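**Student:** Return atomic coordinates for the entry below.
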Amino acid sequence: MSAAIPAQASEPPSRVDPLGSDFLWGVATSGFQSEGNTPDSNWTRYITEFGHEPIGNSIDFYNRYPMDIAAAVALGIKVFRLGLEWARVQPHPEQWDEHGFAFYDRVIDLVVSSGMRPMITLDHWVYPGWQAERGGWADPGMVENWLANMRRVVDRYDSRNPLWVTINEPIAYVVQELNHHTPPLDGPEWDRRFHEMEDRFAEAHNRIYDHIHAKRADALVTSNVGFVAKSDASVNDRMFGLIADRLDFVSLDYYFGAETDATTRPRPRSQVAAAPTGLWDLPLQAEGIYYAIRRYARKFPGKKIYIAENGMATENGRPRPDDYGRADYLRDVVYWLQRARMAGFDVIGYNYWSLTDNYEWGSYAPRFGLYRVDVTTDRTLTRRATDAVGAYAEIIERGGVPADYLPTRPPVPHSQVDPPSSYEDPVTLPQRS
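**Tutor:** Sure, this is the predicted structure:
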């Protein structure tokens, strides 16, 4: 049954309610970005071919997962998101590696035995090297090859009752793939490949969704939207229209706001996956998460909303140019989650990206972690807590920020995060004497 979507109240609430004991507080990780012991894949090849910073052993989650899972437990986390790397479990065509699966058995079993629910990402932009040699998603056989592996994954881990993410941020995935094509694609061919990949992603998602639900009728399956401020409709509507009937909940990734210029012209799709060096310069607008939630609550009435990723980038752990601190930004975002719930939007969970620093698709410079890891300068890969660790633990224990909390940064006037709604019906803060 569809719930009515409320309009923005004319007067903001003077206090915010906690999110409640049923709210799912989480952290998010990714296999390729954090595991190390990295198997041959499309991305190991991109690193070599395009001269990206070498990945090395990343933060060595492959060997250090017990300490990282323990750190999540200490925070009070309920959901631990992880990726399951196709390249690790199927290193050759028609050949699956039991040792690769055994690693994920250990990780997922520890997550479950530690009292957390796994959120398993089937595809976080990485596929085996042998599939790269066949053309990746340009290969007509890609969907069948993808499904052959993912069905094995589902069959093996269905008993752990995870939340399932089929394909991570599909549009950013498309753009990363096309921007790493050799030779570079021209405009018409770029557009043709773009829609071809969208269609294949949709087929893969819809078919694995049906397989998951054949195993467990009450499974919760989604594909997370990489929200794009100012341009979200033009970027994401086609893809998510193709899978709308097979989304058990809406999964949102929100990171950046919109530049406060006069234009509302959307960004080109080729710029959706921003270059990794410079993420710390993009505008942080915590209230934008409210606008993103409101947009998708209206687009998918009756569906629950889960924030699968949200976080803040710094350059090698240094202060940001805007002086926004990690703990302050986290508290500000959570305030707007509480406001969204109070406005009637059914937000059920939030994952911080990420538990630790990791490899950010070509560079170690962008840092998102609750725990700092200096991969390039510290051979011990020591996890060092940022100020956001204590802040997040307190948020989780309290169920949000204090009732009288106000964000450290006010909402941006005439916001273009979700035009025209975000400037015609803006959020505001209560006035206090």
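**Student:** mind listing what Asp97 touches?
**Tutor:** Applying C-beta atoms under 8 Å, 6 or more residues apart in numbering, we find Asp97 in contact with Arg88, Val89, Gln90, Pro91. Bear in mind the C-beta positions are built from the backbone N, C-alpha and C, glycine included.
**Student:** does the nearest residue to the first one once chain neighbours are set aside sit in a helix or strand, and which one?
**Tutor:** Meaning Arg88. Using C-beta to C-beta, 6 or more residues apart in numbering and skipping residues adjacent in sequence, the residue nearest Arg88 is Gly100, 4.1 Å away. Using DSSP states H and E, Gly100 sits within helix 98-113.
**Student:** is it true that the residue nearest to Arg88 touches His92?
**Tutor:** No - under the criterion of C-beta atoms under 8 Å, Gly100 makes no contact with His92, lying 11.4 Å away.
**Student:** Settle it for me: which of these two has more neighbours?
**Tutor:** Gly100 (18 against 11; other C-beta atoms under 10 Å).
**Student:** Read off the pLDDT value for the more buried one.
**Tutor:** With respect to pLDDT, Gly100 scores 98.
**Student:** what's the neighbour count on Glu49?
**Tutor:** 10.
**Student:** how close does it sit to Gln33?
**Tutor:** Using C-beta to C-beta, to the nearest Å, one obtains 19 Å as the distance from Glu49 to Gln33.
**Student:** State the mean pLDDT of stretch 212-225.
**Tutor:** Mean predicted confidence for stretch 212-225 is 98.
**Student:** swap in stretch 126-134?
**Tutor:** pLDDT averaged over stretch 126-134 gives 99.
**Student:** Next, the buried residues of it.
**Tutor:** Val126, Tyr127, Pro128, Gly129, Trp130, Gln131, Ala132 (16 or more other C-beta atoms under 10 Å).
**Student:** first vs last residue of that stretch, how far apart are they?
**Tutor:** This stretch, stretch 126-134, spans 14 Å end to end (C-alpha to C-alpha, to the nearest Å).
**Student:** picking up where we left off before, could I get the contacts of Asp97 as JSON lines with distance to Asp323, secondary structure and pLDDT?
**Tutor:** As requested, those are exported to JSON lines (distance: C-beta to C-beta, whole Å; DSSP: H, G, I helix; E, B strand; the rest coil; pLDDT from 0 to 100):
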{"residue": "Arg88", "distance to Asp323": "40", "secondary structure": "helix", "pLDDT": "99"}
{"residue": "Val89", "distance to Asp323": "44", "secondary structure": "helix", "pLDDT": "99"}
{"residue": "Gln90", "distance to Asp323": "46", "secondary structure": "coil", "pLDDT": "99"}
{"residue": "Pro91", "distance to Asp323": "46", "secondary structure": "coil", "pLDDT": "98"}
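**Student:** Just the buried ones from these?
**Tutor:** Arg88, Val89, Gln90, Pro91.
**Student:** contacting residues for the third one?
**Tutor:** Read it as Gln90. Contacts of Gln90 (C-beta under 8 Å, 6+ apart): Trp96, Asp97, Gly100, Pro128, Asn149.
**Student:** The second one too?
**Tutor:** By C-beta under 8 Å, 6+ apart, the residues touching Val89 are Trp96, Asp97, Gly100, Phe101, Tyr104, Asn149, Arg152, Val153.
**Student:** For Phe101, see how far away it is.
**Tutor:** Distance from Val89 to Phe101, by C-beta to C-beta: 5 Å.
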